Each structure stands twice: as structure tokens, then as C-alpha cells.
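*Asks:* predicted model and sequence follow; I will ask about them next.
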Amino acid sequence: MVLPLLGMAVVSAVLTGAITWGAARRYGRGRAFLVPVLALGAVMFLMWRTDTTGAHDPFVFAPFAVVAAGSSVGGALLGLLLARRRVG
């Protein structure tokens, strides 16, 4: 179970970093910080929705939520740092 979670974390960090980098270059760093906030909101909504429907035990999704939220924030911060550097 560790390998799939690690793969999901790496892909999530890379995608979030790329989206945040692009948003920071185009719209500015302040608006680009909205990307990790939306990612955290989506994970929280997933956890809340799972809890209210009773379809699954919410603790089953806890590792996924930690991996998705942590790697999304880390990737977004990396994207913001990379966007700060001027190219050319």
C-alpha cells in the first residue's frame, strides 16, 4: 500500500507544482496560492462527503487525504518558489 500512495503523492506534487507555477507566472503569486487552498478544500470535502453518506469508513480515506493534501501543498510551494525565479 505504500508504493501506490507514494506514486500518488509524487504525481500530485508535480501536477500541483506545475499548475501553481503557471498560475503564479500569469496571475501573480497571491492569486496562485489559491491552488493549494482549493486542493485542501477538495480533500476536506471528500472526507466530509464520505462521512455523511456512510458509504465507507472515513478512516479508510485518511491516508489518501494526508498524501493528497500534503503533497499538494508541498508542490504548490515549490511551484511558487520556482515562479519567483526569473528566466532569461
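*Replies:* Right, received. Where do you want to start?
*Asks:* next, count neighbours for residue 11.
*Replies:* Residue crowding around residue 11 was assessed by other CB atoms under 10 Å; the count is 12. All C-beta spots, glycine's among them, are computed from the backbone N, C-alpha and C.
*Asks:* use 36 as the first number from now on
*Replies:* Sure, I'll start numbering at 36, so the last one becomes residue 46.
*Asks:* please name the residues that touch the residue most central in space within the chain.
*Replies:* What sits nearest the mean C-alpha location of the chain, by CA atoms, centre = their mean, is residue 107, with 2.1 Å. Shown in contact with residue 107 (CB atoms under 8 Å, 6 or more residues apart in numbering): 47-48, 51, 71, 74-75, 78.
*Asks:* swap the cut-off to 6 Å and go again
*Replies:* Residue 107 is in contact with 47, 51, 71, 74, counting by CB atoms under 6 Å, 6 or more residues apart in numbering.
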